[in-house]
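Novice: Next comes the sequence, and after it the predicted model I'd like to discuss.
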Amino acid sequence: MDGYRKLLVCFCLLSTIIKSNAVDTITPGQSIRDGETIVSSGQTYELGFFTPGSSSGRYLGIWFKKISTGTVIWVANRETPILDHSGVLNFTYQGTLLLLNRTNGVIWSSNNTRNARNPIAQLLESGNFVVKEDNDASPDNYLYQSFDYPGDTNLPGMKLGRNFVTSLDWTITSWKSLDDPAKGDYSFGIDPKGYPQLMYKKGDTIKFRAGSWNGIRFTGAPRLRPNPVYRYEFVLNEKEVDYNIYLLNSSVISRLVVNASGVTQRMTWIDQTHGWATYFAVGEDQCDNYNLCGVNAKCNINKSPLCDCLEGFEPRSARDWSFQDWSGGCVRKTALACARGEGFVKHSEMKMPDTSGSWYNRSMNIRECEELCLRNCSCVAYASTNITEGTGCLLWFSDLIDMREFPGAGQDLYVRMAASYLDGIKKKEKSRRQRRVGIIVCTTTLGTGILVLGWIFCMKKRKHKIQVEKHKGKGLQQQKQKRRPGAARDRLGYDNESHG
């Protein structure tokens, strides 16, 4: 019996040592009970049970520990609360996480894709709660990771997008309320239809469209330009589409959150103020409202009125536009006829139209793109998918929706126009050129005439000056000659006296 007691004491001490040395990790057979937590290695994140707001339910979640204490960034059982403090997170020998209630009912599980030989569950300093093989740090080999099941928060290194193989949807969704972390009305993620684009929605209704990726940033988010804090990455292949932000400075703490009221912001923690500073926000101005100006129109926040039809288009209802009701959009002044001579008008510094119904090819060049669009009578516009290399082809086949001008930050969009309209443009341009040539000729002639007259005036003035100088010189010479005989007589008189 004494030997058994000693063995039990040694086992308890060993368990205590393991727990104290591995505060960010649990191993098979270990558990986390309500009131217990594990903490990431750098003390940034903490995992345990919490109660949001005035709710009576208990949830397993992750929150900031050192800064912004209590700010939750992930919830495991967001749809199913535990009704008391009996919750426990077990970790099986197969590497599965099981959240149990008082009756051992499974409230939530990690749904691993495969079993592990020597699994551990670890809260990483990135905020990711992972199940993996011990001594295997490769993210590609994780059996489970919380980053694959986001709540209302996206952290650096956490994907936004869609996995086409596993059907994982990396979209962040708001809480229902401050007291209820269940999925709310608002979401922010990548819509994979057509050429994928970043969108903010309320239910199924698009509220803001950040647009498609153009090689540097999303076309509707010009503030997301290269900087010393963040590195942006966009991946699109047959397996997945995703957008990710990586921190270039590990001391920076940042998060993107969709709150219960629908406010969507990327924020950075500022130590000096002990608060969050907004780096990027959805819906910063009126032009961010999806399709504010209707089809075939563009928005410019620096102009009044905000909306204007594309060149070659006119308001569908002039009366509505006079009352600043732009919802009807614009229609072509001259319809397309798929005839010879059709071409394109270039619109610069643009947010690209909605690409949900677009076709794309990322290996074509812009010239090939233009030719392909011309050969297809249904094609109404084209653009490049990568502005840094001038490559890729993006085609539109219906009305152009949700455009705006971004001076100094947009890209080129080429809109198809009827041959007769282009002929009119050419005639107007020719007339303008002729007027410009006439103005230049007249201006040059007038300028030359002024110069010639000026030269003649200067020459006459110079000649007159020379004549005046010459006349003065003759007058002085005559005066000298008049004085010279008297002077001779004086000198002669002086000489006679000296000789006398």
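Specialist: Looks like it came in fine. Residues are numbered from 1 along each chain as shown.

Novice: which SS class is Ser348?
Specialist: Three-state assignment for Ser348 (DSSP: H, G, I helix; E, B strand; the rest coil): strand.

Novice: Can you report how many residues neighbour it?
Specialist: A total of 11 residues lie near Ser348 under the criterion other CB atoms under 10 Å. Heads up, the C-betas are built off the backbone N, CA and C, glycines and all.

Novice: contacting residues for the residue lying closest to it once chain neighbours are set aside?
Specialist: Leaving aside its sequence neighbours, Ser348 sits nearest to Asp412 (CB to CB, 6 or more residues apart in numbering; 5.5 Å). Contacts for Asp412 (CB atoms under 8 Å, 6 or more residues apart in numbering) come out as Lys346, His347, Ser348, Met350, Ala383, Ser384.

Novice: can you check Phe406 too?
Specialist: With CB under 8 Å, 6+ apart, Phe406 has these contacts: Pro222, Glu349, Met350, Lys351.

Novice: which regions of the stretch 351-500 of the chain sit below the pLDDT cut-off?
Specialist: For the stretch 351-500 of the chain, the stretches with pLDDT under 70 are 426-442, 468-500.

Novice: Helices along that one, start to end?
Specialist: Assigned helices in the stretch 351-500 of the chain, in chain order: 366-375, 419-499 (criterion: DSSP state H, counting those that start in this stretch).

Novice: okay, now Tyr93: neighbour count?
Specialist: Neighbours around Tyr93, by other CB under 10 Å: 13.

Novice: Next: the one 4 residues further on.
Specialist: Burial measure for Leu97: 24 neighbouring residues, criterion other CB under 10 Å.

Novice: Just read off the phi/psi values of it.
Specialist: Dihedral angles of Leu97 (phi, psi; degrees, to the nearest 10) stand at phi -90, psi 130.

Novice: And it, how close does it get to Ala418?
Specialist: Distance, Leu97 to Ala418, by CB to CB, to the nearest Å: 62 Å.

Novice: Check Ile62 too.
Specialist: Note on Ile62: its distance to Ala418, by CB to CB, is 58 Å.

Novice: likewise Glu314?
Specialist: Distance, Glu314 to Ala418, by CB to CB: 14 Å.

Novice: and those two? which has more neighbours close in?
Specialist: Higher neighbour count among Glu314 and Ala418: Ala418, with 20 against 13, using other CB under 10 Å.

Novice: Is it correct that that one is in contact with Arg340?
Specialist: No. Counting by CB atoms under 8 Å, Ala418 stays clear of Arg340, with 11.2 Å between them.

Novice: element containing Lys303?
Specialist: Secondary structure from DSSP states H and E places Lys303 outside every helix and strand.

Novice: could we number from 17 for the rest of this?
Specialist: That works, and once the first residue is 17, the last one we named lands at Lys319.

Novice: What's the local residue count around it?
Specialist: Neighbour tally, Lys319, other CB under 10 Å: 12.

Novice: Any chance of the backbone angles for it?
Specialist: phi -120, psi 160.

Novice: Just the pLDDT at it, thanks.
Specialist: We have a pLDDT of 95 for Lys319.

Novice: Likewise for Phe224?
Specialist: Reported pLDDT for Phe224: 97.

Novice: Gly64 belongs to a helix?
Specialist: No. Gly64 sits outside any helix when classified using three-state DSSP, being strand.

Novice: who does it bridge with?
Specialist: Counting by DSSP bridges, Gly64 forms beta bridges with Gly77.

Novice: Tell me if I am right that Pro166 is in a helix.
Specialist: No. Per three-state DSSP, Pro166 lies outside any helix segment and is coil.

Novice: who touches it in this structure?
Specialist: Pro166 neighbours (CB under 8 Å, 6+ apart): Trp90, Met174, Trp186, Thr187, Ile188, Thr189.

Novice: Now do the helices in the stretch 217-366 of the chain.
Specialist: Counting by DSSP H, counting those that start in this stretch, the stretch 217-366 of the chain has helices at residues 334-338.
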